[in-house]
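**Q** A predicted structure for the sequence below; I have some questions about it.
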Amino acid sequence: MTELTLSKAIGTGLHRALAEDDRVVLLGEDIGTLGGVFRVTDGLLAEFGSDRVMDTPLAESAIIGTAVGLAFRGFRPVVEIQFDGFIYPGFDQIVAQVAKMHYRTGGKVRMPLTIRVPYGGGIGAVEHHSESPEAYFAHTAGLRVVTCSTPQDAHTMIRDAIACDDPVLFFEPKRRYWTKGDVDEDASYPLEKARVVVEGSDVTLLAYGPLVQTALDAAIAAGDEGISIEVIDLRSLSPLDYDTIEASVNKTGHVIITHEAAEFGGMGAELAAGITDRCFFRLEAAPQRVTGFDIPYPPARLEEHFLPDLDRILDAVDRVLGRTNSLTGWTK
């Protein structure tokens, strides 16, 4: 057991994947000599060489297209998109080629391609450096979409993503890169399975990536008022682990979903619909969403008003429980 930051845990996971399988290759802007903008790949070029840790031009479509060719030839490429908002030039490659290749070839071609995407706000950056584009890819059949929230999951999930024969979008919460935690490098947990982080009986709170820690803070604060919140880290956004979600919602009868991305058409909408389909007769209130607003990502000085925080989540707790809240102002 070693204490690592989340970014270092991803780096050690990449190191182990490179060491254990010579088919693994890394591609990305500044990942070699610089070690990546966030230094996740620091030291890997020196150890594994430029044939396996490759600096690329500033051309996301070309990077992903090259990775598709490598996957065709039997490699297991890992691509880094330097910032979330830079993924759009590669969107066509991902949704029109990567996601469809296995289906298009009748199962003859696999796409064991991992696309690393640092995402989300909270670091005082601007648009294209603070976005949350995960719903675009969760909507696309043929892709797996996952995100980590702890150093342990960062290490385990990046290795599992690389080992997976399906294409995986691996979203890394950049404002949690410096979070520290114990990492067991031999631990395992299914890539597609959610995790109950804190058990509770009154409200189910679904979160992922950067907001899992915020959800845990909310559970502690609500506990001071006698409210028991069950926090679930979704981990996988496509596929969703509805078995774990249903079991919790059927127990609590109340559900809140939180994410940094805008509300309209986001993961919260899909989860609310899916939960209503599956748990309608056990729900005691409508599912509530606590999300970013339906606007372009704001300037850094305003992002604290955009990002879901402790107060907004606790207000949603009051709403689902029929307590006095910011919208209604009445007590049930």
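**A** Everything's here; your move.
**Q** which of the residues in stretch 7-14 are buried?
**A** 7-14 (16 or more other Cβ atoms under 10 Å). Every C-beta, even on glycine, is put in place using the N, C-alpha and C of the backbone.
**Q** For this protein, which segments are assigned as strands?
**A** 2-5, 24-28, 53-55, 76-80, 114-119, 144-147, 168-173, 180-183, 195-198, 203-207, 229-233, 236-238, 255-262, 288-292 (DSSP state E).
**Q** Can you lay out these as JSON lines showing distance to residue 189 and mean neighbour count?
**A** Shown next, in JSON lines, are those (distance: least, Cβ to Cβ, whole Å; neighbours: other Cβ atoms under 10 Å):
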{"stretch": "strand 2-5", "distance to residue 189": "17", "mean neighbour count": "16"}
{"stretch": "strand 24-28", "distance to residue 189": "21", "mean neighbour count": "23"}
{"stretch": "strand 53-55", "distance to residue 189": "27", "mean neighbour count": "19"}
{"stretch": "strand 76-80", "distance to residue 189": "20", "mean neighbour count": "26"}
{"stretch": "strand 114-119", "distance to residue 189": "17", "mean neighbour count": "27"}
{"stretch": "strand 144-147", "distance to residue 189": "11", "mean neighbour count": "25"}
{"stretch": "strand 168-173", "distance to residue 189": "15", "mean neighbour count": "27"}
{"stretch": "strand 180-183", "distance to residue 189": "13", "mean neighbour count": "17"}
{"stretch": "strand 195-198", "distance to residue 189": "7", "mean neighbour count": "16"}
{"stretch": "strand 203-207", "distance to residue 189": "17", "mean neighbour count": "28"}
{"stretch": "strand 229-233", "distance to residue 189": "11", "mean neighbour count": "25"}
{"stretch": "strand 236-238", "distance to residue 189": "11", "mean neighbour count": "22"}
{"stretch": "strand 255-262", "distance to residue 189": "21", "mean neighbour count": "25"}
{"stretch": "strand 288-292", "distance to residue 189": "26", "mean neighbour count": "23"}
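**Q** Turn those into a markdown table, including mean pLDDT.
**A** Formatted as a markdown table, the strands of the chain follow (pLDDT from 0 to 100):
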| stretch | mean pLDDT |
| --- | --- |
| strand 2-5 | 97 |
| strand 24-28 | 98 |
| strand 53-55 | 97 |
| strand 76-80 | 98 |
| strand 114-119 | 98 |
| strand 144-147 | 98 |
| strand 168-173 | 98 |
| strand 180-183 | 97 |
| strand 195-198 | 98 |
| strand 203-207 | 98 |
| strand 229-233 | 98 |
| strand 236-238 | 98 |
| strand 255-262 | 98 |
| strand 288-292 | 98 |
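**Q** give me the low-pLDDT residue ranges for the stretch 201-332 of the chain?
**A** Flagging of the stretch 201-332 of the chain using pLDDT under 70 yields the residue ranges 329-332.
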